[in-house]
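Novice: Need the 3D shape of this:
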Amino acid sequence: MAEEKILIVEDEDDVLELIRYNLQKNGYRTDAATTGPIALSMAEAVKPDLILLDLMLPGFDGLEVCRNLKKDPKTSTIPIIMVTAKGTEADIVAGLEMGAADYIAKPFSPRVLLARIGAVLRRNRAAEAIDTSMLRIHDIEIDSGRHRVTVKNKPVDLTSTEFGLLRFLAARPGWVFTRYQIVDAIHGSDYPVTDRSIDVQIVGLRKKLGSAGKYIETVRGVGYRMQEDD
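Specialist: Numbers count the residues shown, from 1 in each chain. Below you'll find the predicted structure:
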């Protein structure tokens, strides 16, 4: 059974109780907040393993909560799944760009919600356990100390940006990142580059990786991810 603690941020009592019931039934510990300010204070106080965040909160909306959580060093690493009645591409991208790990649209199946939670928690545990000095995935080996990449033991000559891009995606296989997230991770938030330049970098990187380039997947309307290893 699960032991992780989940903070549910939801202002509708019936939805909150439905989520809490299903989480507790499956062994999760839960805390709940019904407003943005309460969610921020509770996230810092209880240090949950994951936050389920409704975007349609009164006054202080979920996107603002997400933004504040991700800029605070004490809460920035807590994975967030957005739970929302909004299902448009713009809302999804906005939340992902702020650092949310995943989203699920209302109405949802409790089984699907539990599956999403389990997947995010597994990815988070795997990411925390990764030794980023040496990454191996599929046929690709990334040696950060030597700044060297090989595919099937053959060296691949990458630029500094291509190397950073590959390492960033490979460190969290299965995670979808927007173009802005990739730019921020590689260059920093103040770097003067357009998000579309990432598309150019991806094309070049795939070409240099040869047959292994197929493992960098395009997620239409959102961004890119590294395919998970079998």
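Novice: Distance-wise, check the residue of the chain most remote from its centre relative to Ser144.
Specialist: Using Cα atoms, centre = their mean, the residue of the chain lying farthest from its centre is Lys154. It sits 30.8 Å away. Separation of Lys154 from Ser144 (Cβ to Cβ, to the nearest Å): 19 Å. Where C-beta positions appear, they are placed from N, C-alpha and C, glycine not excepted.
Novice: Give the bridge partners for the residue farthest from the centre of the chain, please.
Specialist: Taking DSSP bridges, one obtains Val151 as the residues bridged to Lys154.
Novice: So what's the predicted local confidence for it?
Specialist: Note on Lys154: pLDDT of 94.
Novice: Likewise for the one 3 residues further on?
Specialist: Here, the pLDDT recorded for Asp157 equals 89.
Novice: burial of it, as a residue count?
Specialist: 9 (other Cβ atoms under 10 Å).
Novice: Report the separation between Pro37 and Phe60.
Specialist: Taking Cβ to Cβ, one finds Pro37 at 6 Å from Phe60.
Novice: what do you get for Leu166?
Specialist: Plainly put, Leu166 is 38 Å away from Phe60 if you go by Cβ to Cβ.
Novice: of the two, who's got more company?
Specialist: The neighbour count for Leu166 versus Phe60, taken as other Cβ under 10 Å, is higher for Leu166 (25 against 15).
Novice: So the more buried one sits against Ser144, correct?
Specialist: No. Look at Leu166 against Ser144 with Cβ atoms under 8 Å: they stay out of range, at 10.7 Å.
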